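1. Got a predicted structure plus its sequence, pasted below:
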Amino acid sequence: MALAMMREPLEAQAQQAATPLLSVRDVTLQYQTRRQIVTATYRVSFDVQRQDRFILLGPSGCGKSTLLKGIGGFLSPVEGEISLAGKRITGPGADRMMVFQEFDQLLPWQTVLGNVMFPMRKTGRFPRSEWRDRAMRAVEKVGLAKFADSHPHTLSGGMKQRVAIARALAMEPEILLMDEPFAALDALTRRRMQDELLELWNDIRFTLVFVTHSIQEAIVIGSRIVVMTPHPGQIRAELDATPFKQEDAGSEEFMAFNRKINGMLFGEEKIAHG
Ligand SMILES: Nc1ncnc2c1ncn2[C@@H]1O[C@H](COP(=O)(O)OP(=O)(O)OP(=O)(O)O)[C@@H](O)[C@H]1O
């Protein structure tokens, strides 16, 4: 009897472990404009497991940002289903936090700390007494403790992105959604931010869905890479990128993997000549 009672939670635990954190099933996403219906993604399916660094890679206009909007709950599929931990996503929620490319995603009248506390205030996710400490810990994690009382206009682009990342992670979301977060940075800062994001991941092991159209960035950041076709976006391939690190970027294996993805995106001809 006791054993039978114990079995149920174990089975429930096993089932939870087997359920992907995020499941995207046959999802078609569309925009209705005044003149026409634009199909951004067509019957896209993939699963994201806990602690994945999951990359959506594809040419401009293939629907990467639209998929993030769908996962964020800002756009509903016209076909298919997106679910988080087995529950259908029907709208935005604090369990999914987004970081964008734009530097102006911060509130200019709030300090760094104020910005990081803002979503806690808005959602009441944690007790009020914890907001400041939680925000400060996140600000420290991204190396901005000295700038906690500064306003966004006094910060560099990279620092603003760090604040946006701190603000998202401070909410302890189930998934961090990043839409080309480093695309507007100079090459050196971009590389540093990639390293820092990976350090943060090593530390906290969050689940990440990251949009980029840089093959190099996808390989460096990702544990899994979904390669999408041009408009309307579909899945061309799903690849394992765990063996590749930033420091391997010059290796033959890394370059061969890069060429393989390049071929998938731009056709075999480019591989032969590239
Ligand atoms: N608000 C909108 N209204 C109508 N069509 C839209 C809207 N936003 C995006 N689209 C269209 O949906 C398709 C997918 O756009 P999306 O921005 O998701 O692509 P993307 O892969 O993120 O591109 P990029 O890499 O250039 O950001 C494109 O054809 C785009 O023109």
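-> Arrived safely, thanks for sending. Computed from a predicted structure; not experimentally measured.
2. my read: residue 162 touches residue 200, true?
-> No: here residue 162 lies out of contact with residue 200, judged by CB atoms under 8 Å, at a distance of 9.8 Å. Every C-beta, even on glycine, is put in place using the N, C-alpha and C of the backbone.
3. of the two, who's got more company?
-> residue 162 (24 against 20; other CB atoms under 10 Å).
4. would that one count as being in a helix?
-> Yes: judged by DSSP: H, G, I helix; E, B strand; the rest coil, residue 162 forms part of a helix.
5. dump the residue contacts of it.
-> Remark: with contacts taken as CB atoms under 8 Å, 6 or more residues apart in numbering, residue 162 is in contact with 142-144, 193, 196.
6. and of those residues, the nearest to residue 219?
-> residue 193 (15.8 Å; CB to CB).
7. other SSEs contacting the one helix or strand that closest one maps to?
-> Secondary structure assignment for residue 193, by DSSP states H and E: helix 187-204. Under the contact definition 3 or more CB pairs under 8 Å, 6 or more residues apart in numbering; DSSP states H and E, helix 187-204 sits against helix 157-170, helix 215-221.
8. mean confidence score for that helix?
-> Here helix 187-204 scores 93 as its mean pLDDT.
9. Residues of this protein that sit close to the ligand?
-> Residues of the chain lying close to the ligand by CB under 6 Å from any ligand atom are 31, 33, 38, 40, 58, 60-66, 213, 231.
10. from those residues, which two are the most distant?
-> Every pair of the residues of the chain next to the ligand checked by CB to CB; the farthest is 33 and 213, at 23.4 Å.
11. Comparing the two, which residue is more hemmed in?
-> residue 213 (18 against 8).
12. Please consider this matter closed, and thank you.
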